[in-house]
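>>> curious how this folds, go ahead:
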Amino acid sequence: MRDGKHVIMHVEDSLTAREMVREALERAGLEVRSAEDAQDLERLLVADPFLRSAIDMFVLDMEMPDMTGAQVGAIVELMYEELVSVPFIIYSARDQDFVERMSLEVSEMSPGFKKNYRGYIGKGPDSEELLLAKIKEVMKQEGK
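Predicted coordinates for the structure are as follows:
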């Protein structure tokens, strides 16, 4: 949380999708930071240590050029102590079966993955509203 707003880190390779999610979440009073892929996320996290402690949740695209959203979630948890317990949601155009299979593979490599993975929202009509509802649900579960 920063300046009284929950901070959502959105990692998405599509500029259009990043902008649509940013607009929807900012209208709801959330602060959104965006990265276009895992390398961009790494750059942001290294450059701003205060950001690492402010992130309340990750929203991760499943398919990106350098790695999957599930892999990003696992790596972030392993590399940054401040982010070990930060929940994440997969927001993807891929179907839920694919996301669940990939997530299962990653969970075998990362012990905290299952604890932090809070679900999947499929991209489509009105999906930003579904994503916002899921974010609010997870924040409530987290006591935030």
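
>>> I figured residue 54 hits residue 7, correct?
Yes - with contact defined as C-beta atoms under 8 Å, residue 54 counts as touching residue 7 (4.7 Å). Using the backbone N, CA and C atoms, a C-beta is placed for each residue, glycine as well.

>>> got any residues that touch both of these two?
Shared contacts of residue 54 and residue 7, defined by C-beta atoms under 8 Å, 6 or more residues apart in numbering, comprise residue 1.

>>> tell me which helix or strand in the chain has the weakest average pLDDT.
helix 96-109 (a mean of 65; mean pLDDT, DSSP states H and E).

>>> determine the number of other residues adjacent to residue 83.
Neighbour count for residue 83, taken as other C-beta atoms under 10 Å: 20.

>>> for it, give me its contacts.
With contacts defined as C-beta under 8 Å, 6+ apart, residue 83 is in contact with 52, 55, 76, 77.

>>> list the strands paired with the helix or strand containing residue 8, with their directions.
Per DSSP states H and E: residue 8 is located in strand 7-11. Its sheet considered, strand 7-11 pairs with strand 31-35 (parallel), strand 55-60 (parallel) by DSSP bridges.

>>> any idea which of those strands gets closest to residue 132?
Set against residue 132 and scored by C-beta to C-beta, those come closest in strand 55-60, at 10.2 Å.

>>> quick check: what element follows the closest one along the chain?
Following strand 55-60 toward the C-terminus (DSSP H and E): helix 69-79.

>>> may I see the buried residues of that next one?
69, 70, 71, 72, 73, 74, 75, 76, 77 (16 or more other C-beta atoms under 10 Å).

>>> show me what it is packed against.
For helix 69-79, the elements it packs on are helix 38-47, strand 55-60, strand 88-92, helix 96-109, helix 113-116, judged by 3 or more C-beta pairs under 8 Å, 6 or more residues apart in numbering; DSSP states H and E.

>>> tell me what angle it forms with strand 55-60.
Helix 69-79 runs at 150 degrees relative to strand 55-60, counting by axes from the mean of the first three to the mean of the last three C-alpha atoms, to 10 degrees.

>>> chain center to helix 69-79, what's the gap?
Distance of helix 69-79 from its chain centroid, counting by C-alpha atoms, centre = their mean, to the nearest Å, is 10 Å.
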